[in-house]
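Peer 1: Give the three-dimensional model of this entry:
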Amino acid sequence: MKSFRFSLESVLEYRREIEEEWEIRLARVNGEYNRILLDIEENDRHSREALDGSSLAVGGTEAHSWGMYRWRLESQKVQLLRALAAKEEEQSRIRRKFLEVTRDRKIISRLKEKKMEEYKKYLIKEEIKRLDDLTAAKSAGEAAL
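Peer 2: Numbers count the residues shown, from 1 in each chain. Below is the predicted model of the structure:
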C-alpha cells in the first residue's frame, strides 16, 4: 500500500520558511520598538532628576547648565517620539505582512490536512475491501468442502 504523499509539500515548506522569516522580522522590530520605549522612560527619569537638580541650583551658571541639560533631554525626547512613531508604522507594516504569509501557509496546511483525511478514508475503504475479499475467499473455500 502506498504511503501518503502531499504533492504541495515543497510549497508548504517554502511558505513555512517565509512565515518564519517574517516572524523573526516582527520580533526584531518589536524589540526595537520596546527599546525606544525604554529610552523614552529613561529620558523622562533624567528629565525629572534634572528638574530636581535645577531647583537645588544655587548659582546662575549652575541653573543655566541644568536648563541646557533639560533642553537637550527634551530635544532627545522629541527625536525618540519620532523614532517611535516610525517604528510603529514599520511594526504595523511587518505585522500585516506576517499575517498575510501566515494566512497563505495555513491555506496550504488545511489543504494538506484535507488530503490526509481523504487518504485515511481511502485506507479504511481499502482495508474493508481487503477484509471482504478474505471473508469471501474463506466462505468460498468452506463451501467447496
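Peer 1: How far off centre is the host helix or strand of residue 87?
Peer 2: Assigned by DSSP states H and E, residue 87 belongs to helix 60-144. Remark: helix 60-144 is offset 7 Å from the chain centroid, using Cα atoms, centre = their mean, to the nearest Å.
Peer 1: list the contacts for residue 111?
Peer 2: residue 8 (Cβ atoms under 8 Å, 6 or more residues apart in numbering). Using the backbone N, CA and C atoms, a C-beta is placed for each residue, glycine as well.
Peer 1: rerun at 10 Å
Peer 2: 6, 7, 8, 11, 12 (Cβ atoms under 10 Å, 6 or more residues apart in numbering).
Peer 1: Throw those residues into TSV and include pLDDT, thanks.
Peer 2: Output for these, formatted as TSV (pLDDT from 0 to 100):
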residue	pLDDT
6	93
7	93
8	95
11	97
12	97
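Peer 1: ok, of these, which one's closest to residue 70?
Peer 2: Nearest to residue 70 among these is residue 12, at 56.8 Å by Cβ to Cβ.
Peer 1: Please report how far residue 49 lies from residue 21.
Peer 2: 42 Å (Cβ to Cβ, to the nearest Å).
Peer 1: neighbours around residue 63, how many?
Peer 2: When neighbours are defined as other Cβ atoms under 10 Å, residue 63 has 15 of them.
Peer 1: whoops, I mixed them up, residue 113
Peer 2: That count, for residue 113 with other Cβ under 10 Å as the rule, works out to 11.
Peer 1: all numbers from here: first residue = 16
Peer 2: New numbering, starting at 16: the last item is residue 128.
Peer 1: For residue 146, see how far away it is.
Peer 2: The gap separating residue 128 from residue 146 is 27 Å, by Cβ to Cβ.
Peer 1: Now tell me what touches stretch 27-37 from outside.
Peer 2: Contacts to stretch 27-37, defined as Cβ under 10 Å, 6+ apart, come from residues 21, 23, 109-124, 126-127.
Peer 1: Fine, thanks again, bye for now.
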